[in-house]
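Q: Below is the structure, and that's it, no one-letter string:
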């Protein structure tokens, strides 16, 4: 399963990539630091799952998810963010996200969420 990481915090993104590299069925195909970069990278890498932060410079995660729905319709968006505000969760769903994982629950929920998001029936 091809995964694209989109987060403006380099250390977090690098750590997340290292964490995901321990999973045989996950192949991190790239990292982007903002939504605009993510849409360009997704067009060339065709990820199954995009792990999308919400708050980023240039283009936020909500706008990027809406753009990805048009440019990379086969990619499923899993929001991965520090916010657990109900308004952000609702905006993530409205933007086309199929899941929402808070950064504090990465170790316990992320792999399961990615695998679930990457299944064709999740689309």
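A: All right, it came through fine. Model, not experiment: these values are computed from the prediction.

Q: Quick check: beta-bridge partners of the residue nearest in space to the middle of the chain?
A: Centroid-nearest residue in the chain: residue 51, 1.3 Å away (criterion: CA atoms, centre = their mean). Bridge pairing for residue 51 (DSSP bridges) gives the partners residue 5, residue 78.

Q: my guess is it meets residue 5, correct?
A: Yes - look at residue 51 against residue 5 with CB atoms under 8 Å: they come within range, at 5.1 Å. From N, CA and C alone the C-beta is placed, and that goes for glycine too.

Q: which neighbours do those two share?
A: Counting by CB atoms under 8 Å, 6 or more residues apart in numbering, the contacts common to residue 51 and residue 5 are residue 16.

Q: List the contacts of the residue nearest to the centre of the chain.
A: With contact taken as CB under 8 Å, 6+ apart, residue 51 is in contact with 3-7, 16, 78, 80, 114.

Q: What's the separation between it and residue 14?
A: Counting by CB to CB, to the nearest Å, the gap from residue 51 to residue 14 is 13 Å.

Q: and which of the contacts of residue 51 is nearest residue 71?
A: Relative to residue 71, the closest of the contacts of residue 51 is residue 4; by CB to CB it sits at 12.5 Å.

Q: can you pull the pLDDT of the closest one?
A: Note on residue 4: pLDDT of 97.

Q: now the helices for the chain?
A: In the chain, the helices defined using DSSP state H lie at 10-20, 35-45, 61-71, 86-94, 106-118.
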